[in-house]
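[1] Just to be clear, the model below is a prediction. Sequence and coordinates:
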Amino acid sequence: MAAEVFVGVLRVTIMVPHSRSLKDRRQAVRSLRDRLRSRFSVSVHELPGEHPGRQDLVCTTGGSDGALVRRTLDEIRRFVDADVRTYSAGVDLDVFPWHPEALWIDDPDESEEPWDG
């Protein structure tokens, strides 16, 4: 039997209060994103937004121990909160077991023939 897999997702809305320009904000966000990737070995993505002073970051990670995945995301949250150039304006965090067999949907129109490319 395969080990259970847990997926963790952390969405943080950050504000850059002392940025005077879009370039300043982008630099602060890019620096935080790169430090998160390097320090925690997680995937970090910026979500598009409409508010010029706000940026949503999504961090994802996974593993066979749900508690460890949760601790990693909690550490990331504390790391973001400790950044002096930004502050957290909202946080969503979830850890859940991943069941790939639940993702398969039978498509009656799908051909059984292998694809040649």
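    Done, it's in.

[2] how about low-confidence regions in this protein?
    1-2, 102-117 (pLDDT under 70).

[3] which residues of it fall in helices?
    With helices called from DSSP state H, the chain shows them at 22-40, 66-82.

[4] With distance to residue 90 and mean neighbour count as extra columns, can I get these in a markdown table?
    No exception for glycine: its C-beta is placed from N, CA and C like everyone else's. Converted to a markdown table, those look like this (distance: least, C-beta to C-beta, whole Å; neighbours: other C-beta atoms under 10 Å):
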| stretch | distance to residue 90 | mean neighbour count |
| --- | --- | --- |
| helix 22-40 | 15 | 15 |
| helix 66-82 | 11 | 16 |
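
[5] among those helices, which is nearest residue 98?
    Closest to residue 98 of these, according to C-beta to C-beta: helix 66-82, at 10.4 Å.

[6] possible to save the helices of the chain as a markdown table with distance to residue 95?
    Below are the helices of the chain laid out as a markdown table (distance: least, C-beta to C-beta, whole Å):
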| stretch | distance to residue 95 |
| --- | --- |
| helix 22-40 | 15 |
| helix 66-82 | 5 |
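
[7] Looking at those, which is nearest to residue 9?
    Per C-beta to C-beta, nearest to residue 9 of these: helix 66-82, 7.9 Å.
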